[in-house]
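Q: mind looking at a prediction? Sequence and model below.
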Amino acid sequence: MANLEALGRELERRGKTGDLKRLAESADGRKLGQMIDTRAVEQAARSGDAAALSALLRSVLSTEEGKRLARQAENLLK
């Protein structure tokens, strides 16, 4: 969780939070949002279940939409 918080701070420092929001609101972002079991994510996050969060992230990143969004998000930090 600390890594995500650090990433968020870095994106904010670089003025990229708007770009990240646009990625989330893109067609790929909306499609992934519909595919994600938000209850499972919330439960795993609340319980600190890193293995479950990793599995959920792997499932998202295994999709074409997830791969595209990950590449675009990575480019924001370059």
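A: Looks like it arrived, so ask away. Residues are numbered from 1 along each chain as shown.
Q: so where's this protein shaky on pLDDT?
A: 1-4 (pLDDT under 70).
Q: hey, where'd the helices end up in it?
A: Assigned by DSSP state H, the chain shows helices spanning 2-13, 17-24, 27-35, 38-47, 50-61, 64-76.
Q: tell me which strands and helices the first one is in contact with?
A: Going back to what we said before, that points to helix 2-13. In this structure, helix 2-13 makes packing contacts with helix 17-24, judged by 3 or more CB pairs under 8 Å, 6 or more residues apart in numbering; DSSP states H and E. Heads up, the C-betas are built off the backbone N, CA and C, glycines and all.
Q: packing partners for the helix it packs on?
A: Helix 17-24 sits against helix 2-13, helix 64-76, with contacts defined as 3+ CB pairs under 8 Å, 6+ apart.
Q: to residue 48, which of these lies closest?
A: The minimum distance between residue 48 and the helices and strands packed on helix 17-24 falls on helix 2-13, with 12.1 Å, by CB to CB.
Q: contact partners for the nearest residue to residue 19 once chain neighbours are set aside?
A: In space, residue 19 comes closest to residue 76 once its chain neighbours are excluded; the distance is 5.4 Å by CB to CB, 6 or more residues apart in numbering. Applying CB atoms under 8 Å, 6 or more residues apart in numbering to residue 76 gives the contacts 11, 14, 16, 19, 20, 23.
Q: same question for residue 40.
A: Going by CB under 8 Å, 6+ apart, residue 40 touches 52, 56.
Q: for it, give its distance to residue 76.
A: 26 Å (CB to CB, to the nearest Å).
Q: neighbours of residue 43, how many?
A: 13 (other CB atoms under 10 Å).
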